[in-house]
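Peer 1: here's my sequence, what's the structure:
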Amino acid sequence: MKRFTVVAAIFASGLALSAAAQTAAPAASAPAAASAPAGPQKVAVIAFQQAVTSTNEFQRDFGDLQKKFQPQRDQLKSLGDEVDSLTKQLQAQSDKLSDAERASKAKSIDDKKKQAQRIAEDAQNDYQQAMQETFGKIAQKVDELLNNYAKEQGYTLVVDATEQQQQAPTVLYWSPSTDITKAVVDAYNTKSGVPAPPPAAPAAPTPHAAAPKGPAGR
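Peer 2: A predicted model of the protein is given here:
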């Protein structure tokens with residue numbers, strides 16, 4: 001039993017970058033058509049993306065990812081503060097400077113803005129790729145566990161209720177008792193053996209959140 005679509009929400013949480021980005025993981029191939037078994041059908045609902053990002057393993061790896069990109073955040077903040085300071089100085093001293101001095105200071109500010117923009121773009125691309133790999137690696141393992149879990153529990157259909165996915169299924173009604181998201185997360189955590197991160201660990205990303213702009217976008 002395969003999920004219909006998985007959307008990997010990629011965004012730079014807390015990362016001072018110029019834009020947010022998201023990528024979509026390829027949809028799982030549909031199983032071959034088969035005749036429906038006789039008797040009542042057992043259907044379940046799962047928020048697949050939420051399940052992946054709620055696992056201890058993803059929370060741990062996401063926290064490691066934030067630490068990895070902390071130097072870029074610090075560098076962008078430093079450049080942003082420097083640009084602000086130089087801009088204020090230029091505005092305050094403008095009438096006392098010669099044309100050549102004003103042009104020189106303006107060029108210095110512009111150069112630092114361009115430097116910050118390059119750092120932001122490089123960091124965004126690297127973060128996006130790392131986030132996609134982190135999500136995809138764990139999503140594949142959660143999908144495998146979901147298939148086994150569904151078979152063991154006797155479900156004939158599992159619907160992915162992730163919001164804002166590219167081809168979201170229409171669910172007209174479902175009972176909370178059919179939602180197996182937490183059960184799958186608990187089963188995955190038990191199988192992976194990864195302990196829950198401490199309370200201070202970064203929170204998992206949520207779909208379609210915008211990343212803060214870097215100093216170049218001021």
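
Peer 1: drop to CA atoms for contacts and neighbour counts, all remaining ones
Peer 2: Will do.

Peer 1: so where do the strands sit in the chain?
Peer 2: Under the criterion DSSP state E, the chain contains strands at 6-8, 23-25, 43-46, 157-160.

Peer 1: what are the buried residues along the third one?
Peer 2: Applying a neighbour-count criterion of 16 or more other Cα atoms under 10 Å, the buried positions in strand 43-46 are Ala44, Val45, Ile46.

Peer 1: run through the bridge partners of the second one.
Peer 2: Each beta-bridge partner of Val45 is listed here, defined by DSSP bridges: Val159, Asp179.

Peer 1: so what's it up against?
Peer 2: By Cα atoms under 8 Å, 6 or more residues apart in numbering, the residues touching Val45 are Val158, Val159, Asp160, Ala161, Trp174, Thr178, Asp179, Ile180, Thr181.

Peer 1: closest to Lys68 out of the residues you listed?
Peer 2: Lys68 lies nearest to Thr181 out of the contacts of Val45, by Cα to Cα, at 29.5 Å.

Peer 1: can you read off the pLDDT for the closest one?
Peer 2: At Thr181 the predicted local confidence, pLDDT, stands at 90.

Peer 1: still on that earlier bit, could the contacts of Val45 be laid out in CSV, adding distance to Leu65?
Peer 2: Listed next are those as CSV, based on distance: Cα to Cα, whole Å:
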residue, distance to Leu65
Val158, 31
Val159, 30
Asp160, 27
Ala161, 27
Trp174, 36
Thr178, 34
Asp179, 30
Ile180, 28
Thr181, 25
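
Peer 1: for this structure, which spans come out with low pLDDT?
Peer 2: For the chain, the stretches with pLDDT under 70 are 1-39, 164-175, 200-218.

Peer 1: appreciated, that's everything.
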